[in-house]
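Colleague: here's a sequence, model it:
(2 chains)
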Amino acid sequence: MSRGRLLFLQAMIGIIAILCWHALTSYQIFGRYLLDPFFFSHPLDVALRVVKWFREGTIWYHLAITLTESMLAFVIGSLLGVLIGFWFARKALVAAVLDPYVKMVNSLPRVVLAPIFTLWLGLGIWSKVALGVTLVFFIVFFNVYQGVKEVSPAILANARMLGMSERQLMRHVYWPSALSWMFSSLHTSVGFAVVGAVVGEYLGAAAGLGYLIQQAEGVFDVAGVFAGMLVLAAFVIVIDTIVSLVEKRLLIWRPAVAETRI
Amino acid sequence: MGCMTASENTAAISLADVDVVFGLARGDSYKAVERATLSVADGEFVSIVGPTGCGKSTLLNIAAGLRTPSAGTVKIFGEALAALNRRAGYLFQADALFPWKTALENVAIGLEIAGVAPLEARSQAQVWLSRVGLNYFGDRYPHMLSGGQRKRVGLAQVLIRDPKILLMDEPFGPLDAQTRQIMGNLLLDLWQTDRKAVLFVTHDLEEAIALSDRVVIMSAGPAAHIIGDWKVSLPRPRDISEIKLDPAFRDLYREIWAKLKDEVVKTYGTQGGKP
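Modeller: Numbers count the residues shown, from 1 in each chain, chains lettered A, B, ... in the order given. Just a heads-up that it's a prediction; the model follows:
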């Protein structure tokens, strides 16, 4: 299929959906609205709200807060994941002893931690960063652990026959292998960093996109809720595109980048 | 063990009465190799041929120091081998190039880790890449190269360190017939200019005779042992595709194959495999 045709079809889906939304909330059919405007708002209202936010400039502050939280969660979570993943993979005893605890913490739905983090760290950005870190950490941790463990035995034997010391093995074999696994989960971990930030804001904050949505919901401002979701979706798409570009650059040696979206 | 002659003492590789036993689950054990005695003189090209699963690669790993024998002695240039064999280069059957490094980086790495300055290592790597016919492929990553090209990079990666011993484990196994011949000739050319002791494992008897000074036949496993040792006195330098037409080659092939055939048949009998 040509690119133009594909774009056209993709755009048509969106346009038809919005037109349906508009028709069902604006015109009565058989004497009643099929979608009650009170609960579903109007597409035009939502669009106007988004435009208003950007024109007044209030949205930038919230976007900046959410972005900061996401990035901090991503960086701190990845750093911890890489370090501890490496440590576990190289020390079999540590991994064996701590294994049940890792599984326990990982099986815990992270949302329940949000109130605790709010108690400990307050309503500012750090309680959201902490929530994001708990999500990002495990993805990176498991990938790095796997990456170090699953270096091909032939490559490892070859490296040793070429005369690599333990430190050189680390640098030339384990490290690149672990990084490649980490980068292949980049989409997932960045996505979870955003999830952590937004959910944290939603459950108690003074700023951010999650806070914006939660505030609108509190006063039954459905247009505000939809507008917040729209901005959030656009925000995630932009971040995802940047991640794709970074991935393409970093994993140039890979035959085809493995997608590990969840 | 009989008394050793002087030549055995200074052999590049000498295995004496080597046993290899693998521990299996539930305390069982499997004797892969039994009382293998083999020596490779400096500058000699020796091939080991045997049916699949006979422990050829195991012997190679013993010579490399990647595995220690359960019994017997391993000597490299007269010294007992205690750890990894630092004087050997090993070309593996599986792809063992670093996928995250370019061809040039893959070749240069052996020098870099030995402490050679990166610039110097790279310029030498470029020389080696052109020796294996990959002058213009230095910036390619392994996945962008064909199977034969990857083997060439592997060969350069091993030879740039100038090992005194070259261990090769069915290095051309995964390649197609034409590429195998080309790679065989490339190997002989490189070896002709700088004769290293070579221990070459293969299941292809033709390839073994065409390349080697000596061909060693192993029996079928378990408890595989060496059952024959033939000298190949065909003239060098050789061209693999031409030497196969030589009547002396055909005679030797028939003679060795008569012995090898029994072992191959035995393997299918004990392993229940189909040809």
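Colleague: is the residue most central in space within chain B in a helix, a strand, or coil?
Modeller: Nearest to the mean C-alpha position of chain B, by CA atoms, centre = their mean, lies B:M168 at 2.2 Å. The three-state label given to B:M168 by DSSP: H, G, I helix; E, B strand; the rest coil is strand.
Colleague: distance of it from chain A?
Modeller: B:M168 sits 12 Å away from chain A, going by CB to the nearest CB, to the nearest Å. For glycine as for every other residue, the C-beta is placed from the backbone atoms N, C-alpha and C.
Colleague: contact partners for that residue?
Modeller: By CB atoms under 8 Å, 6 or more residues apart in numbering or on different chains, B:M168 lies in contact with B:L60, B:Y90, B:L91, B:V198, B:L199, B:F200, B:V201.
Colleague: so the fifth one touches B:A41, yeah?
Modeller: To tie it back to what came earlier, the one meant is B:L199. No: distance between B:L199 and B:A41: 11.2 Å, which falls outside the contact criterion (CB atoms under 8 Å).
Colleague: tell me which of the two has more neighbours.
Modeller: Taking neighbours as other CB atoms under 10 Å in any protein chain shown, B:L199 and B:A41 compare with B:L199 leading, 28 against 17.
Colleague: quickly find the element holding the more buried one.
Modeller: B:L199 belongs to strand B:197-202 when assigned by DSSP states H and E.
Colleague: is that strand anywhere near chain A?
Modeller: No: applying CB under 8 Å from any CB of the partner chain, one finds strand B:197-202 separated from chain A by no less than 13.5 Å.
Colleague: in its sheet, what does that strand sit against?
Modeller: The pairing partners recorded for strand B:197-202 under DSSP bridges are strand B:45-49 (parallel), strand B:165-169 (parallel).
Colleague: contacting residues around the first one?
Modeller: Counting by CB under 8 Å, 6+ apart, strand B:45-49 makes contact with B:38, B:40, B:56, B:59-60, B:191, B:197-205, B:207-209, B:211-218, B:256, B:260, all of which sit outside it.
Colleague: narrow these to those in strands?
Modeller: The members of these that map onto strands under DSSP state E are B:38, B:40, B:197-202, B:214-218.
Colleague: low-confidence bits of the chain, can you list those?
Modeller: Answering for chain A, as no chain was given. Where chain A drops to pLDDT under 70, the residues are A:256-262.
Colleague: you looked at the wrong chain, it should be chain B
Modeller: Across chain B, the ranges flagged by pLDDT under 70 are B:1-9, B:269-275.
Colleague: where exactly do the strands run in it?
Modeller: Taking DSSP E to define them, one finds strands in chain B at B:13-23, B:29-40, B:45-49, B:71-76, B:79-80, B:88-91, B:165-169, B:197-202, B:214-218, B:226-231.
Colleague: neighbours of A:M229, how many?
Modeller: For A:M229, the neighbour count with other CB under 10 Å is 14.
Colleague: which positions in the stretch 101-250 of chain A make contact with chain B?
Modeller: A:152, A:154-155, A:157-165, A:168, A:172-173, A:176-177, A:180.
Colleague: can we see that at 6 Å?
Modeller: Contact residues, the stretch 101-250 of chain A versus chain B (CB under 6 Å from any CB of the partner chain): A:A154, A:I155, A:A157, A:N158, A:M161, A:L162, A:G163, A:M164, A:Q168, A:P176.
Colleague: next, the last one: phi, psi?
Modeller: In this case it means A:P176. phi -60, psi -40 (degrees, to the nearest 10).
Colleague: output stretch A:239-252 as CSV, restricted to C-alpha atoms.
Modeller: Extracted C-alpha coordinates of stretch A:239-252, given in CSV (Å, rounded to 0.1, in the frame of the first residue of the first chain):
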residue,chain,number,x,y,z
ILE,A,239,8.3,10.8,23.8
ASP,A,240,7.9,7.5,22.1
THR,A,241,9.1,9.0,18.8
ILE,A,242,12.2,10.4,20.5
VAL,A,243,12.9,7.0,22.0
SER,A,244,12.6,5.3,18.6
LEU,A,245,15.1,7.7,17.2
VAL,A,246,17.5,7.1,20.1
GLU,A,247,17.1,3.3,19.8
LYS,A,248,17.8,3.4,16.1
ARG,A,249,21.0,5.2,16.7
LEU,A,250,22.2,3.1,19.6
LEU,A,251,21.2,-0.4,18.3
ILE,A,252,22.7,0.1,14.8
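Colleague: quick check: longest helix in chain B by residues?
Modeller: As assigned by DSSP state H, the longest helix anywhere in chain B is helix B:247-271.
Colleague: next, the angle strand B:214-218 makes with that helix.
Modeller: Helix B:247-271 runs at 20 degrees relative to strand B:214-218, counting by axes from the mean of the first three to the mean of the last three CA atoms, to 10 degrees.
Colleague: so which bits of helix B:247-271 are buried?
Modeller: B:F249, B:L252, B:Y253, B:I256, B:L260, B:E263, B:V264, B:T267 (16 or more other CB atoms under 10 Å in any protein chain shown).
Colleague: so the last one is in contact with B:G50, correct?
Modeller: No: counting by CB atoms under 6 Å, no contact exists between B:T267 and B:G50, whose distance comes to 8.8 Å.
Colleague: can you give me phi and psi for the residue lying closest to B:Q192 once chain neighbours are set aside?
Modeller: Counting by CB to CB, 6 or more residues apart in numbering or on different chains, B:P237 is the residue found nearest to B:Q192 once chain neighbours are left out, at 5.4 Å. Per-residue torsions, B:P237: phi -70, psi 150 (degrees, to the nearest 10).
Colleague: B:P237 and B:L205: what is the separation?
Modeller: Applying CB to CB, to the nearest Å, the value for B:P237 to B:L205 is 21 Å.
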